[in-house]
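Colleague: can't give you the sequence, but here's the structure:
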């Protein structure tokens, strides 16, 4: 593999066929649910990977920064929601983008609505950010007075076109198992629809509902009563998504290839070239054990399922420490080999690495600073 | 400040005067200890900041990858130790670099020594990596037979010039307080010198001892019986270094400027634009509380000391959540302001950000992918 893929330093491998299957599954579910698919592109951040989505009928996307919106606008996307609260300091970018594309933003206060109305010269699509229980950002779904005030404020100018209500149920990441995720998904949809119904009673009709987190969107069979979904991570998945039950290990479409630089038989551990500057430094704790990734074997032309009792125990700046509870797996590795690690959080690892290498040896570039 | 420094998105600020004072202090201590100062450049990764070191007589440096060695070699440095175990897959880079500069590498096995001897065409400086108790990489200081075998192997060819013994006492990061750090520093020096003495008895004379971790090098008064020190993080320090007692808060020379995008009076919390893709995702747990950074106020033309009972409670991909136990501090911030955060781990944050902005508004670039 090393020679085939020309690996010398930590390299982010992408199994394109797995990614395409993940994409097809989610696109199909959206189609069958009669829901718009507005995938989040913050995970892959790549114009080339973005193009794969077009074959599945995707024309509208989600991003997490205005810079990312600019990048994808430069690559032919013209319906982009920035699912991040309006940063008033970037008004120049919003002005410029709203002139070029159908730009969506999210707000959670009347002040920000007024600000946009005063500053913009071209209409912008505005969503109210609803907090359905995650507690990170947005207006609590029960604070109807605020929803109403913002709705009224949005109607004061043609510059702010009120699209509807947007929620991110990020707390699905913290729950294990399908049942609990389905429950959170259903509760989220129900709570946002309560806000929609009350706003409709107050005269705000035809509002859309946008939801979407990969765990919820992965385990649910039908997206139900929503207008659009915005999952992102599903294109690659990762070891956290597997650990919380959003996917099978075989769905994970990215793996880091890390050169082995030391082997310690007494400790049954290996040191790999691959650390926090490559993976970022997220971790996931399950059953009392902190993990920074799972190890998979190379099998002819693809990677296999995770090795039992082998895990990435720690990451420092450039090093990863791999611990083995499995002697035969340990014996199969030597210094100079490449070890394959399923990352804990593929969005952060991809962001850190800045490029992909497919199993066919092709390099796929990403947005850069 | 926002206008002065033209901040619109998360920006890594650098207080150059603080960094220069940190540098002066460490250089002076090395000078007074009569020890070579071979600072680790993995923290700043910047040719321009590297140049500041020349004024303090620094001519030899440490880096953590061959790519970084190439970058600094291209910027006039010609005595560079790569303090990372030899990665055999990068032999072409080692060959090319060893032709251009005085390149140092570290090994911990006879196999790697033989590999280098077979592959190289120009001499390379080789250090034995000694594990003095940290347990990450290297040969245990007590495994004298292995030290001796490697020493003998190194003498078999002119291609591998045996320099001496190199240790990294990274466990100083996990200890609180000066006393314990001094103890680890002293033990490290003592253990490496034991190996040096025994190798001298076996006929390997004039070996050097290279040690260096920022916590140990910061708290010790005199570097003692070593040939060179390699601290890196000290140029900036960070909130972890402060938390473990390596520095005062006023020594921390970098801060992230993060636009405030939401304010929640009920929760007494703020959301800032600044997350794991900016800070990386390291954290430090002290007194049972996990922290992702400390908040400092802006005072005319510099940042002040950390605000009491205000902390960065979590980071997601693009967001940071700031919690306040301090009402007057909370009241002093508004959406559209910029919040200043001392990062948990400045090396990873700098690596993520890719550039600095000085308090004078100048941009300092770094090595890029």
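Modeller: Looks like it arrived, so ask away. This one's a predicted model, so the numbers in the text were calculated from it and none came from an experiment.
Colleague: quick one: average pLDDT of the lengthiest helix in chain A?
Modeller: When chain A is scanned for its longest helix (criterion: DSSP state H), the result is helix A:178-201. Across helix A:178-201, the average pLDDT comes to 93.
Colleague: Quick one: residues in contact with it.
Modeller: A:128, A:130, A:132-133, A:141, A:144, A:147-148, A:151, A:164-165, A:167, A:169, A:171-172, A:175, A:207, A:209, A:211, A:215-220, A:224-226, A:244-246 (CB atoms under 8 Å, 6 or more residues apart in numbering or on different chains). From N, CA and C alone the C-beta is placed, and that goes for glycine too.
Colleague: please redo it, this time with the cut-off set to 7 Å
Modeller: A:130, A:132-133, A:141, A:144, A:147-148, A:151, A:165, A:167, A:169, A:171-172, A:175, A:207, A:209, A:211, A:215-216, A:219-220, A:224-226, A:245 (CB atoms under 7 Å, 6 or more residues apart in numbering or on different chains).
Colleague: So for the residue with the largest distance to the centre of chain A, what's the pLDDT?
Modeller: No residue in chain A has its C-alpha farther from the mean C-alpha position than residue A:266, which lies at 39.5 Å (CA atoms, centre = their mean). In the prediction, the pLDDT value recorded for residue A:266 is 90.
Colleague: Using the three-state scheme, assign it.
Modeller: At residue A:266 the chain is in coil, as set by DSSP: H, G, I helix; E, B strand; the rest coil.
Colleague: Residue A:70 too?
Modeller: Three-state assignment for residue A:70 (three-state DSSP): helix.
Colleague: Excluding chain neighbours, what is closest to it?
Modeller: With CB to CB, 6 or more residues apart in numbering or on different chains as the criterion, residue A:70 has its nearest non-adjacent residue at 6.5 Å, and that residue is residue A:97.
Colleague: And for residue A:40?
Modeller: Leaving out its chain neighbours, the residue that sits closest to residue A:40 by CB to CB, 6+ apart is residue A:232, at 2.8 Å.
Colleague: Spell out which parts of chain A neighbour chain B.
Modeller: Proximity of chain A to chain B (CB under 7 Å from any CB of the partner chain) is limited to residues A:2, A:7-9, A:42, A:64-65, A:84-90, A:108, A:136-137, A:259, A:261-262, A:271, A:273, A:276-277, A:280-282, A:316-319, A:321, A:335-336, A:347-348, A:351, A:354, A:369.
Colleague: Please flag which of these sit within helices.
Modeller: Per DSSP H, these map to helices at A:2, A:276-277, A:347-348, A:351.
Colleague: Can you tell me which of the residues you listed is nearest residue A:119?
Modeller: Of all these, residue A:119 sits closest to residue A:351, with 29.4 Å by CB to CB.
Colleague: Give me the neighbour count for that closest one.
Modeller: Using other CB atoms under 10 Å in any protein chain shown, residue A:351 is surrounded by 22 other residues.
Colleague: what's near enough to touch it?
Modeller: So residue A:351 contacts A:45, B:277 (CB under 7 Å, 6+ apart).
Colleague: Quickly note the distance from it to residue B:324.
Modeller: 29 Å (CB to CB, to the nearest Å).
Colleague: How about residue A:111?
Modeller: 20 Å.
Colleague: for residue A:53, same thing?
Modeller: 41 Å.
Colleague: how near is the residue in the stretch 151-300 of chain A that chain B sits nearest to to residue B:169?
Modeller: Closest residue of the stretch 151-300 of chain A to chain B, CB to the nearest CB: residue A:261 (4.2 Å). Distance from residue A:261 to residue B:169, counting by CB to CB: 20 Å.
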